[in-house]
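Asker: next input, structure requested:
(2 chains)
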Amino acid sequence: MSSEAAYSSADYIRHHLTNMTFGQHADGHWGLAHSAQEAAEMGFWAFHLDSLGWSLGLAFVMFFFLRSVAKKAEAGIPSGAQNFAEWIIEFIDSSVRGSFTANNPLVAPMALTIFGWVFLMNFMDLIAVDFLPALAGQIGALFGADPHHVYMKIVPSTDPNITFGMALGVFWLMLYYSVKNKGLGGFLGELAFQPFGKWGLPVNLLLEGVTLISKPISLALRLFGNMYAGEMIFILIAIMYGAGLLLGSFAGILQLGWAIFHILIITLQAFIFMTLTIVYMDMAHQEHH
Amino acid sequence: MNINATLIGQAISFFVFVWFCMKYVWPPIMSALEERKTKIADGLAAAERGKHEQELAEKRAAEVLKEAKQQAAEIIAQAQKRSSEIIDESKEAARIEGDRIVTAANAEIEQEMNRAKEQLRSQVVSLSIAGASKVLAREIDAKAHDDLLKELAAQL
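Answerer: Numbers count the residues shown, from 1 in each chain, chains lettered A, B, ... in the order given. Down below sits the predicted model:
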């Protein structure tokens, strides 16, 4: 990285924070963006191939494992893989039972999906920051692309699109079950006539509206912010490797410490996302809150 | 860091995976867990029942043992009683038999004695006669005094 004089630390960071974006170029043809600016100019109808690819890939891995366990699941003595899956599922099940009082067969599987998926996406943060992007650059170079313009962000949860995508999915389900359980009138009534009765309707609408909107936003931004900051620290530590032997070995210790600490963070963030989802779904099933 | 259609893609795949999980992953594993729970509960209940039955069987075995011991004691007591009875009976029988034998022997002895006496008497008579006849041969006719001698012999 810093061995090349033309390639500064700022470029390095920017390279690490740019997604592999597929969209419509300014001249009208579809293709990969070659710079952060090009990616920005593609507008809304563009896709982050790296985020989507890793996120889908991880979900496939997870569900391949879970499905293979589910197919062979039996009540006898469980095998190692089944034991592991049951351990996770019982943990999720007890979390759901603890916070979710209504009866909805969707909530527990959703909690499992969220916990496992978010955990795996966060887990990509523990893979050395340069390893997969550099590999992608080399592969890109084989196809004649400039490695410096091959972008690869391997941690999907550092992409706000991913976190907002999941949060909006949860939000949509929340609205759906709210309307389904309370009726459209009941749901709107909760927004309009609480907490100050019908004479405080504008204030109520403002308060409850903000409360409602803040749910998916806080869900998405909390995960994104934590993972983005964590990723940023890994990148900054990685820059130190280029700054001489002393700082480089110090960076090694730092990276180890941060990685160990990060194991806690990634699990915690996955757990928080799941728990909040369960709580929101519970609210959607309550007649009054 | 641009907000773009990635969001929609992620939201759609989120729904798909949640649906997949709800349909194909959660129910089989949960039912396996439930089934195991009931299996374990049944097993524990069966173990409890077995333990209870074992206790009952032990109690019953102890009762049977006690009864058997009692019966054995009764049988032994009866046997002892019976044996002493038999001993007494045989003692009595032996005594009677002994008495009988003694009486018979006594009677025989009496008979023998009488016979011997008779013989002796007749021998004494004939000896006395022989002696007397030798003495009297010289002076008395044996025939004349025969009656007298017979009378004498009857008096002996």
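
Asker: in chain B, which spans are helices?
Answerer: Counting by DSSP state H, chain B has helices at residues B:6-20, B:26-136, B:146-155.

Asker: among these, which is nearest chain A?
Answerer: Minimum separation from chain A across the helices of chain B (C-beta to the nearest C-beta) falls at helix B:6-20, 2.8 Å. C-betas here are computed from N, CA, C, even on glycine.

Asker: just the mean pLDDT for the closest one, thanks.
Answerer: Helix B:6-20 comes out with an average pLDDT of 93.

Asker: and it with chain A, contact?
Answerer: Yes - using C-beta under 8 Å from any C-beta of the partner chain, helix B:6-20 reaches chain A at B:6-11, B:13-15, B:17-18, B:20.

Asker: closest residue of chain A to chain B?
Answerer: Nearest residue of chain A to chain B (C-beta to the nearest C-beta) works out as A:Gly165 at 2.8 Å.

Asker: residues from chain B in reach of chain A?
Answerer: So far as C-beta under 8 Å from any C-beta goes, chain B lies against chain A at B:1-11, B:13-15, B:17-18, B:20-22, B:24-26, B:28-33, B:35-36, B:39.

Asker: ok, back up a step: just checking, the residue of chain A closest to chain B touches B:Ala11?
Answerer: Yes - contact criterion C-beta atoms under 8 Å: A:Gly165 and B:Ala11 qualify, at 4.3 Å.

Asker: who has more neighbours out of those two?
Answerer: Taking other C-beta atoms under 10 Å in any protein chain shown, A:Gly165 and B:Ala11 do not tie; A:Gly165 has more neighbours (25 against 21).

Asker: mind listing what the residue nearest to the more buried one when sequence neighbours are not counted touches?
Answerer: The shortest distance from A:Gly165 to any non-neighbouring residue, by C-beta to C-beta, 6 or more residues apart in numbering or on different chains, is to B:Gln10 (2.8 Å). Under the criterion of C-beta atoms under 8 Å, 6 or more residues apart in numbering or on different chains, the contact list for B:Gln10 reads A:51-52, A:55, A:161-162, A:164-166, A:169.

Asker: hmm, 10 Å instead?
Answerer: With contact taken as C-beta atoms under 10 Å, 6 or more residues apart in numbering or on different chains, B:Gln10 is in contact with A:48, A:51-52, A:55-56, A:156, A:159, A:161-169.

Asker: ok, now A:Lys153?
Answerer: Contacts of A:Lys153 by C-beta under 10 Å, 6+ apart are A:15-20, A:48, A:50-51, A:54, A:124, A:129, A:132-133, A:136, A:159, A:231, B:1.
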